[in-house]
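Engineer: coords please:
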Amino acid sequence: FRPIARRNLDEIYAGTCDGMTYKEIETCFPEEFKRRQEDKLAYRYPRGESYMDVMLRMEPIALELERTRAPLLIICHQGILRILYAYFTGLSREEAPFVKIPLNHVIKLTPHAYGCHEKHICLLKKDDMPGDGQDEPPSSI
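Structural biologist: Just a heads-up that it's a prediction; the model follows:
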């Protein structure tokens, strides 16, 4: 494989909340936290992005990935993986922010005529991972 960095695969930019945990956002910006909980798809962080913004940003790369015939390994943040997974498995954009993408897993998607075959490979179990403070609040998952 030849690694290629793609800027349109960067994580959702959280603007003024960038670098904060969900708990810190809830504490420092309770109204913003509440708005995100109410509409995760369209919510835009102050001076940042929403899932809808990122979907627009990712459209060219999704089309490029569809045309690729060689195997691909995509390593990126969960939000980006949710969008790609939803796109390639035929889920709606409304479902994309809520797709479960487990940490430290490889999800192998093999395209076929009417969708994708899917295989999950666990690299590290959740119980073996240190807490990083980035777990989604239960109501937004």
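Engineer: so where is the chain shaky, pLDDT-wise?
Structural biologist: 131-141 (pLDDT under 70).
Engineer: how about the helices of it, start to end?
Structural biologist: Taking DSSP state H, the helices of the chain run over residues 22-28, 30-38, 51-67, 78-89.
Engineer: Dump these into TSV; add mean neighbour count as well.
Structural biologist: Yep, even glycine has a C-beta here, placed from its N, CA and C like the rest. Written out in TSV, the entries for the helices of the chain read as follows (neighbours: other C-beta atoms under 10 Å):
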stretch	mean neighbour count
helix 22-28	14
helix 30-38	15
helix 51-67	14
helix 78-89	19
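Engineer: Please produce a markdown table containing these, extended by distance to Phe98.
Structural biologist: Putting the helices of the chain into a markdown table (distance: least, C-beta to C-beta, whole Å) gives the following:
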| stretch | distance to Phe98 |
| --- | --- |
| helix 22-28 | 15 |
| helix 30-38 | 12 |
| helix 51-67 | 10 |
| helix 78-89 | 8 |
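Engineer: Please name the nearest non-neighbouring residue to Met52.
Structural biologist: For Met52, the nearest residue in space outside its immediate sequence neighbours is Ala42; the separation is 5.6 Å by C-beta to C-beta, 6 or more residues apart in numbering.
Engineer: give me every residue that touches that neighbour.
Structural biologist: Ser50, Tyr51, Met52 (C-beta atoms under 8 Å, 6 or more residues apart in numbering).
Engineer: ok, so of those residues, who is nearest His112?
Structural biologist: For the contacts of Ala42, the residue nearest His112 by C-beta to C-beta is Tyr51; the value is 27.2 Å.
Engineer: Just want the most central residue of this structure.
Structural biologist: Per C-alpha atoms, centre = their mean, the C-alpha nearest to the average position across the chain is that of Gly79, at 1.5 Å.
Engineer: how close does it get to Lys125?
Structural biologist: Counting by C-beta to C-beta, to the nearest Å, the separation of Gly79 from Lys125 is 22 Å.
Engineer: and what of Arg35?
Structural biologist: In this structure, Arg35 and Lys125 are 34 Å apart, going by C-beta to C-beta.
Engineer: Thanks a lot, see you next time.
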